[in-house]
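Undergrad: please find the sequence and the predicted model below.
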There are 2 protein chains.
Amino acid sequence: MASLASHIEAYIKKLLSEASNEVIRLQRRELARRFGCVPSQINYVIRTRFTPERGYIVESQRGGGGYIRIIKVNLPLQESLSERLSYEIGEAIDRARARTLVSRLTSDGCFSTRERLLIEAALNALDDIIDELGDFPEYKYNILRAFMLKKLLGALLGGECEGNAMSEL
Amino acid sequence: MASLASHIEAYIKKLLSEASNEVIRLQRRELARRFGCVPSQINYVIRTRFTPERGYIVESQRGGGGYIRIIKVNLPLQESLSERLSYEIGEAIDRARARTLVSRLTSDGCFSTRERLLIEAALNALDDIIDELGDFPEYKYNILRAFMLKKLLGALLGGECEGNAMSEL
DNA sequence: ATAATGAAAGTCAAGAAAGGTCAAAGAGGT
DNA sequence: ACCTCTTTGACCTTTCTTGACTTTCATTAT
C-alpha cells in the first residue's frame, strides 16, 4: 500500500539522517508541492509520526518566511524496556506505585535526577488539575496518571506508548 | 527563506556580541538601507525581538543625529529567572506560545533536549487528558497548561512557582 | 531669542505570506 | 457493515512587509 503519508514520513526521515545535527527545517508548502498533496497532509504526517514519544520535537513559525523545524532527539534504544513498562503500568496506577516505579528507574540509571524531578512535577500537577476539573472518582485519577506516565516514560525510553488507557472513559 | 526580519535580528545580535560592552548604537535609516527595506521594518524587528522579556533595553532619539541604542542586560542582575517566567506565562498560555517559550529556554541552555522532550510530552498528554475529562472551553486548556508549565519549569529552575493560575476556576 | 527647516525616528493599518485546524469523504482491512 | 487510518478542502490565525502620516530634535536663519 505505502500510503502517501508514509512516503512523506520516509522522505523527512531521510532528510533528518542526512542532516549532520539531526535538525531540519522545511516549508510546508514546498513539501506539499513536492508530493502533490494539500498542505494539511504535512500536518497529518507530523502529528502522527513525529511525536515526542518517538523522539521528535517539532517547532514551527507562521507568516512570511514561515517554517517547520523537526529535531530528532537521540535516545539510547530501549524499546523493549518501554514495552515492559507499559505492561507494568497497565491501565491504571496509583500515586504510590508510580512514585516507586519512577524511583526504581532513576536508580537503574534510565534517567537523571532532574528528569525525575520533571516527571514527579508533572504527576503532581496532573492530580491538581483533575481536582480542579471536577469531582472524579479515585480510579479516574489512576487511569489518567497511567496515561501520563506512559507518555512521559515513552518520551525518554523511545516507546510507542500504544496504551489507549483512556479509551473506555 | 528566513524572513528579512530574522536576518536583521541576526545582524543586530552579531553587532551586540562584537561590542565589548554589549551596547550598540544604530541608525535606523542606515540599517534599513543596508537591508534594502523600509525604515519601519527596523521598528518591527526591535519591537518583536529586542524586548525586555528577552533581556534587552532599547533607547532612541529622534531628530537630526538620531539613533537607536540597544543594550543587552545580563539577567542575573534582575529578578530571578523563575519569577520572570511565571510572569511571562501568566494565568493562561496557548499551546503555540508554550512551545515557543520552551524552545527559547532550551536554546538558552536552561535545560537539555531530553528534558524538553519530557516537557513537550507532558503538555501533549495534558491536552489529551482534558479532552477526555469533558467538553471544556479553550480558555480552560490555556489556564491548566499555564499551571502545568509553571510547575514543570519551576521543578527544573528551582523557582517557587506561585502559580495561582487556577484560583479562579 | 525665536521661528523655520530638514533630518531623523515613531505609529498604524492594510495586505501578503506563511502555517494550523477541523470535519467530511475515501480506502483498506476484519 | 464497521472501524481505523488517510486524504482533501474550506476557513482561521499568526507573522512579516510596506507605505502614508506623525512627532521630535538639532541647526540655521531671522
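TA: Structure's in. What do you need?
Undergrad: and the nearest residue to A:Glu53 once chain neighbours are set aside, how many neighbours?
TA: Spatial nearest neighbour of A:Glu53, chain neighbours left out: A:Gly154 (4.2 Å); criterion: Cβ to Cβ, 6 or more residues apart in numbering or on different chains. All C-beta atoms are positioned from the backbone trio N, CA, C, and that covers glycine. Around A:Gly154 there are 25 other residues, counting by other Cβ atoms under 10 Å in any protein chain shown.
Undergrad: quick one, strands of chain A?
TA: Counting by DSSP state E, chain A has strands at residues A:23-26, A:56-61, A:67-72.
Undergrad: close to DNA strand D, is the last one?
TA: No - contact of strand A:67-72 with DNA strand D (Cβ under 7 Å from any atom of the strand) is absent, the minimum separation being 9.9 Å.
Undergrad: what comes up buried for that strand?
TA: In terms of neighbour count (16 or more other Cβ atoms under 10 Å in any protein chain shown), strand A:67-72 has its buried residues at A:67-68, A:70-72.
Undergrad: and what of stretch A:61-81?
TA: Result for stretch A:61-81 [16+ other Cβ under 10 Å]: buried residues A:67-68, A:70-73, A:75, A:78, A:81.
Undergrad: lowest-confidence member of the residues you listed, which is it?
TA: Among those, A:Gln78 carries the lowest pLDDT, at 67.
Undergrad: the buried residues of strand A:67-72: which ones sit near DNA strand C?
TA: Among those, the ones lying near DNA strand C by Cβ under 7 Å from any atom of the strand are A:67-68.
Undergrad: reformat the buried residues of strand A:67-72 as JSON lines; add distance to chain B.
TA: Formatted as JSON lines, the buried residues of strand A:67-72 follow (distance: Cβ to the nearest Cβ, whole Å):
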{"residue": "A:Tyr67", "distance to chain B": "8"}
{"residue": "A:Ile68", "distance to chain B": "12"}
{"residue": "A:Ile70", "distance to chain B": "13"}
{"residue": "A:Ile71", "distance to chain B": "7"}
{"residue": "A:Lys72", "distance to chain B": "10"}
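Undergrad: hang on, the earlier thing: between the buried residues of stretch A:61-81, which is closest to A:Ser60?
TA: A:Ser60 has its nearest neighbour among the buried residues of stretch A:61-81 in A:Ile68, at 4.5 Å by Cβ to Cβ.
Undergrad: what sits against the closest residue to A:Leu117 other than its chain neighbours?
TA: Distances taken as Cβ to Cβ, 6+ apart place B:Ala155 nearest to A:Leu117, at 4.7 Å, with adjacent residues excluded. B:Ala155 sits next to A:117-118, A:120-121 when contact means Cβ atoms under 8 Å, 6 or more residues apart in numbering or on different chains.
Undergrad: pLDDT score for B:Ala155?
TA: 93.
Undergrad: ok, the one 3 residues further on next?
TA: Among the per-residue scores, B:Gly158 shows a pLDDT of 74.
Undergrad: what's the answer for A:Ala165, then?
TA: If you check A:Ala165, the pLDDT there is 44.
Undergrad: could you tell me which residues of chain A lie near DNA strand D?
TA: Selection of chain A residues close to DNA strand D by Cβ under 7 Å from any atom of the strand yields A:3-6, A:37-38, A:40-41, A:44, A:48, A:61-66.
Undergrad: mind giving me the packing neighbours of the helix-or-strand element of chain A with minimal mean pLDDT?
TA: Using mean pLDDT, DSSP states H and E, helix A:79-89 stands out as the lowest-scoring helix or strand of chain A, at a mean of 78. Under the contact definition 3 or more Cβ pairs under 8 Å, 6 or more residues apart in numbering or on different chains; DSSP states H and E, helix A:79-89 sits against helix A:95-107, helix A:138-157.
Undergrad: identify the residues contacting the shortest one?
TA: So that's helix A:95-107. With Cβ under 8 Å, 6+ apart as the test, helix A:95-107 has contacts from A:85, A:88-89, A:93, A:111-113, A:115-116, A:119-120, A:123, A:127, A:141, A:145, A:149, A:153.
Undergrad: go again using 7 Å as the cut-off
TA: Contacts to helix A:95-107, defined as Cβ atoms under 7 Å, 6 or more residues apart in numbering or on different chains, come from residues A:111, A:113, A:116, A:119-120, A:123, A:145, A:149.
Undergrad: and the closest residue to A:Glu22 other than its chain neighbours, what does it touch?
TA: Computed as Cβ to Cβ, 6+ apart, the closest residue to A:Glu22 that is not its neighbour in sequence is A:Lys72, at 4.2 Å. Going by Cβ under 7 Å, 6+ apart, A:Lys72 touches A:16, A:22, A:55-56.
Undergrad: for A:Gly64, same thing?
TA: B:Ser3.
Undergrad: now do the contacts for A:Glu22.
TA: Per Cβ under 7 Å, 6+ apart, neighbours of A:Glu22: A:16, A:71-72, A:74.
Undergrad: just A:Val23 next, same as before
TA: By Cβ under 7 Å, 6+ apart, the neighbours of A:Val23 are A:69, A:71.
Undergrad: give me the phi and psi for the residue of chain A found nearest chain B.
TA: In chain A, the residue that lies nearest chain B is A:Gly65 (2.9 Å; Cβ to the nearest Cβ). Torsion angles at A:Gly65 (phi, psi; degrees, to the nearest 10) stand at phi 70, psi 20.
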